[in-house]
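**Q** test case, fold it:
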Amino acid sequence: MLPPSILASMILSPCFVSISRYPISLLRPSLLPPTPVTPRSVRTNMSAEYTTDELDQNEARRLHEKLAAARPTAASSSSFPSLPSVHLDEGVHKYVLIRAVEPATADGAADRDRTFVVSKRGAAYHRDVAEPFVDRLLEGGWAEVRITGGGRIHLDAVGRKVKVYGFSYGFGKGNHRWATKVIGEDERFEGFDISWSDEGY
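**A** Here you go, the predicted structure:
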């Protein structure tokens, strides 16, 4: 035991630092469990099987650039069939909203701006939903094709329900309210409970 006079001089000395001022985590870090690191691919919504990565982002930009550079081709009224505005696969899948102007026709039919709601079973990324349909439009002579956003759609044909929600990393969040309007105008979904939400992925 040190004499009181020595203890007092140590406390008053500027070189003395009391360890009581520091938390135990700084003094003995080995006593604490390591902080888990959550990878980018893991999200709170565990039902989301895929997310995004640098390649996906680059491919989404490439698709936007492809559409910006595309030039419409002339088409006759018989060169393309009537194309439904809604293309949905049963279950929970990624979806995209695509807008385009109908091909100019030889018979002078007026061009019309259309919105397509497209989901695809097994699509790892939203670009996997968008690109095949975009190519189909471009080959058919559609003009001003653009992807305006995306998310997920749950189509329950047995329960007669459709839910639109979530967002797309590559194309941004779709206008889900507008997507439900387009779906509701399709006679194949007459009588379905069609809803939307901005939550989830």
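**Q** and Glu139, what pLDDT?
**A** On pLDDT, Glu139 comes in at 89.
**Q** over to the one 10 residues further on?
**A** Predicted confidence (pLDDT) at Gly149: the value is 96.
**Q** just checking, it touches Tyr169?
**A** No: the criterion here is Cβ atoms under 8 Å, and Gly149 misses it with Tyr169 at 11.1 Å. C-betas here are computed from N, CA, C, even on glycine.
**Q** so those two - more neighbours on which side?
**A** Gly149 (20 against 17; other Cβ atoms under 10 Å).
**Q** OK, contacts around that one?
**A** 96-97, 167-168, 171-175 (Cβ atoms under 8 Å, 6 or more residues apart in numbering).
**Q** let's go with 10 Å and repeat that
**A** Applying Cβ atoms under 10 Å, 6 or more residues apart in numbering to Gly149 gives the contacts 95-98, 126, 167-168, 170-176, 178-179.
**Q** what two of those are the furthest from one another?
**A** Gly170 and Trp178 (19.0 Å; Cβ to Cβ).
**Q** quick one, which of the two is more surrounded?
**A** Taking neighbours as other Cβ under 10 Å, Gly170 and Trp178 compare with Gly170 leading, 24 against 17.
**Q** and the residue nearest to the more buried one when sequence neighbours are not counted, what are its phi and psi?
**A** Using Cβ to Cβ, 6 or more residues apart in numbering and skipping residues adjacent in sequence, the residue nearest Gly170 is Ala60, 3.1 Å away. Dihedral pair for Ala60: phi -60, psi -40, per degrees, to the nearest 10.
**Q** hang on, the earlier thing: common neighbours of Gly149 and Tyr169, please.
**A** Residues touching both Gly149 and Tyr169 (Cβ under 10 Å, 6+ apart) are His126.
**Q** rewinding a little: do you know how far the residue nearest to Gly170 is from Arg177?
**A** According to Cβ to Cβ, to the nearest Å, Ala60 stands 23 Å off from Arg177.
**Q** then Val86?
**A** Applying Cβ to Cβ to Val86 and Arg177 gives a distance of 15 Å.
**Q** in the protein, which helix or strand is least confident?
**A** Within the chain, no helix or strand scores below helix 24-27, which has a mean of 36 by mean pLDDT, DSSP states H and E.
**Q** low-confidence bits of the chain, can you list those?
**A** For the chain, the stretches with pLDDT under 70 are 1-53, 64, 67, 69-81, 104-111, 201.
**Q** re the thing from before, same drill for Val86 and Arg177, tell me which one is more crowded.
**A** Shown here are Val86 and Arg177; by other Cβ under 10 Å, Val86 has more neighbours (20 against 10).
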